[in-house]
Structure formats: structure tokens, C-alpha cells
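Q: Test case, fold it:
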Amino acid sequence: MKLVTKLAKNYINFRGWKTNRKIVVIESDDWGSIRMSSKEALEKIAKVNPHILKSKFVQLDGLEKTQDLELLFEVLAKFRDCNGNQPVITALSLTSNPDFQKIKNSNFEYHSESITETYKKYGESKLIELWKNVGISSNLFYPQFHGKEHLHPERYISRIEDINDIEHQGFLNNSIIGGGVENSRVKNFMAAFEYHKEDDQRNIEMRTEEGLKDFETLFGFKSKSFCPSQSIYGEHLFEVLKNNGVHVIQSGQQFRPEKLSLKKIDHYWGDTTMNGLIFWRRNCTFETYKENRVDHVDECLKEIEIAFRWGKPAVINSHRINFTSRISSILRDKTLSDLEVLLKAILKKWPEVEFVNSQQLTEIILNQNQ
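A: Numbering: from 1, shown residues only. This is a model prediction of the structure:
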């Protein structure tokens, strides 16, 4: 670990809420969302737009398969903490995706579909039941709210209407590329909660409330925590979140929209909003899709050690891309192998460790604060 990284990790951990317990949480974003629809779609689009292959998310991220969850559950079920509990992935889930066919049929009017409909279209109709009957019931794969969909509908429509935009090619192949104009704030549609005008704020609030209600209908309980896409969000969301059962914002590093730019705001462990929402920070990383020269297990263990040194839970960030095989199974298989090594090392170094999901951590913090 580089010195500057080590200093930064210590800085974000030394302030705020503390606990004597050795708690490990694994938070993983993007579950349920469509990205690249298939390997064939990727090859077709890349044939005339090879630059899209610079993005690992375009190359490798796609809707999860039933087998992906089954193999992940097998790895997690091998381990037990000091309380006899298995490691658990908190799956930050979307509740909807764009309905490509309806959008085509309506001349680019936005329409969405529930993730259950998406799973059916992809031949994964058994996946949601596996998620509920094994993942949730055994506390191996526990959902929390990531948004209604992983996009800003109005901006998305403006991109796909333009036949010269790379996103139009993605749309024609039932895929979301999510790139091409990264430096343009008004055209970045992957940040679902970004706004630069008042109408955007109202639409975001409406979709957030709809998404939280859809989440409860889909999974049978309210989401107590929330992580916005790309950590971009504004304070106008706080009342909507609180009124719909959310207690914690996982993204303590906030990028607040201001005119056509973003302002970075650092919230520390235990910081609260005016209406009582609590912030925490993801302070560890296990992203196997990134730089191959990095020892992901060793780096994560060092970050966990720093978190524990300052009395913080180790909250590990690991996106869905690492665990899905829609485009290729190579990364998924490597991730599962590395995850097994990581969990074994954690238990060996800290036998008193406790594996909890984000909702359980929320309750721990709330109870300690009473």
C-alpha cells in the first residue's frame, strides 16, 4: 500500500462513531441492473466502436445469472464467524430497468420494467426465488436499495435518440454502455440522482419514493440503508429517504450537484443529517476487475487492519461486475477464488470477527446511539 493511500485510509477512519467489535460488512452495488446484454451484443457494438472496450464495465458487466449466485453462496457457506454466522454480501439492488422494446414502440418515451420481468426475459425466472429463499433466508445475500434504475431517464432518452451517439447503438442491442461523454455533466445518465435543474429534483424524489416502495413489495421489507449510484446526490433526498424507512446513507463521500459541477463533501462515521439520517464510509476495497498487478486480498486485509485499529467496522466495497458471468466467467471464477482466500485470512487473523449485513450494522449503530 502506497504511503499516500495509507495516510488517507487512516484519516477517513480515525474520526466519528466507534465500536470495540470486529465487524465486517461486504457491500456490492448494481444487482438487478442491465449493462451489456450479451457477449454477442458486445462484439457487434465493439466491431464499429472499438474504443468502448477501454471500459471494464462495458467489457465484463452484465445481468447476474442464477449460477452466479449459486456459486457465490457455495463459497460463503464454507465459513463461520465467532457467532456461527456465515459471511454475507449486502447486494445494493435496483428495482427496475429500461424496457427497451416499449421505448422503441413509443418513439423514445421512457418506460421501465421490474427486475423480475428482466430476469424472465433473460431466462433467469428462478433467480429471484433463489435470492429470497436462500440468499435472504440464510443471510448470505441481503438486498438494500441502490435506486429505482441505474440511470437518469430524461438524460438517457436524449442520448439514445441521437443516432450518432454510441448509446444509440447500445440501445439497439438492448444494452447500456454508459460512456462516451464522461466529461459532460448534463449528459452523464448513469448517475440516477444527479440534477442540474429543479424539475430534475422533483423527478428524482418521485422515482426514489417509487423505487423504495417497489423494493418493499419485491423483497417484503423496507431498506434501512441506501447507496446512490456514483455517490452523486443532494440534500433534497433526505426527507424522502427518511419517510420511506431509510436510516443510513452508505455513501459518506458525497458528490453534490452544483450548477454544472459537483462538490465533494466528506461525511464521517456517525455524522447525521438534520432529520437524523446517519452516514458511514466504505473503508475497504475488494474489486478484482481492477488493476491485475495489485494483490487484492493483501490490500483489503491491510485496509481492514486500519479500520479495526480506529474502532471502525470494515465495510468492503465490491461491485457486481466481479461476480457475474454474463459476458465471461473468467473474472467471476477468479473473484470467488480470491474471496475464499480473503475470508479464510480474515478469520485466521481476527477469530473474533463478526460478519453482518448493512441492515444489521444499521441496527447496531442505532442501538448503541440510544
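Q: Glu205 in helix, strand or coil?
A: helix (DSSP: H, G, I helix; E, B strand; the rest coil).
Q: quick one: low-confidence parts of the stretch 251-370 of the chain?
A: For the stretch 251-370 of the chain, the stretches with pLDDT under 70 are 369-370.
Q: would you list every one of the helices in it?
A: 296-309, 330-349, 358-369 (DSSP state H, counting those that start in this stretch).
Q: then the second one to PDB, C-alphas only?
A: Okay, so that is helix 330-349. Only the C-alpha atoms of helix 330-349 are listed here, as PDB (Å, rounded to 0.1, in the frame of the first residue of the first chain):
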ATOM      1  CA  ILE A 330     -13.100 -15.800 -16.100                       C
ATOM      2  CA  LEU A 331     -13.300 -12.800 -13.700                       C
ATOM      3  CA  ARG A 332     -16.200 -14.400 -11.700                       C
ATOM      4  CA  ASP A 333     -14.100 -17.500 -11.100                       C
ATOM      5  CA  LYS A 334     -11.100 -15.500 -10.100                       C
ATOM      6  CA  THR A 335     -13.200 -13.400  -7.700                       C
ATOM      7  CA  LEU A 336     -14.700 -16.400  -6.000                       C
ATOM      8  CA  SER A 337     -11.200 -18.000  -5.600                       C
ATOM      9  CA  ASP A 338      -9.800 -14.700  -4.100                       C
ATOM     10  CA  LEU A 339     -12.900 -14.200  -1.900                       C
ATOM     11  CA  GLU A 340     -12.300 -17.700  -0.400                       C
ATOM     12  CA  VAL A 341      -8.700 -16.700   0.400                       C
ATOM     13  CA  LEU A 342      -9.700 -13.400   1.800                       C
ATOM     14  CA  LEU A 343     -12.400 -14.800   4.200                       C
ATOM     15  CA  LYS A 344     -10.000 -17.500   5.400                       C
ATOM     16  CA  ALA A 345      -7.300 -14.900   6.100                       C
ATOM     17  CA  ILE A 346      -9.800 -12.700   8.000                       C
ATOM     18  CA  LEU A 347     -10.900 -15.500  10.200                       C
ATOM     19  CA  LYS A 348      -7.300 -16.600  10.900                       C
ATOM     20  CA  LYS A 349      -6.100 -13.000  11.800                       C
END
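Q: Show me what that helix packs onto, helices and strands only.
A: Secondary-structure packing of helix 330-349 (3 or more CB pairs under 8 Å, 6 or more residues apart in numbering; DSSP states H and E): helix 66-76, helix 296-309. Glycine gets a C-beta too; all of them are placed from N, C-alpha and C.
Q: Please apply the same query to the first one.
A: Secondary-structure packing of helix 296-309 (3+ CB pairs under 8 Å, 6+ apart): helix 3-14, strand 284-285, strand 314-317, helix 330-349.
Q: who's in contact with it?
A: 1, 6, 9-10, 13, 22, 24, 283-288, 290, 313-316, 338, 341-342, 345-346, 349-350 (CB atoms under 8 Å, 6 or more residues apart in numbering).
Q: Go again with 6 Å.
A: Here helix 296-309 makes contact (CB atoms under 6 Å, 6 or more residues apart in numbering) with 1, 9-10, 13, 22, 283-284, 286, 288, 314, 338, 341-342, 345.
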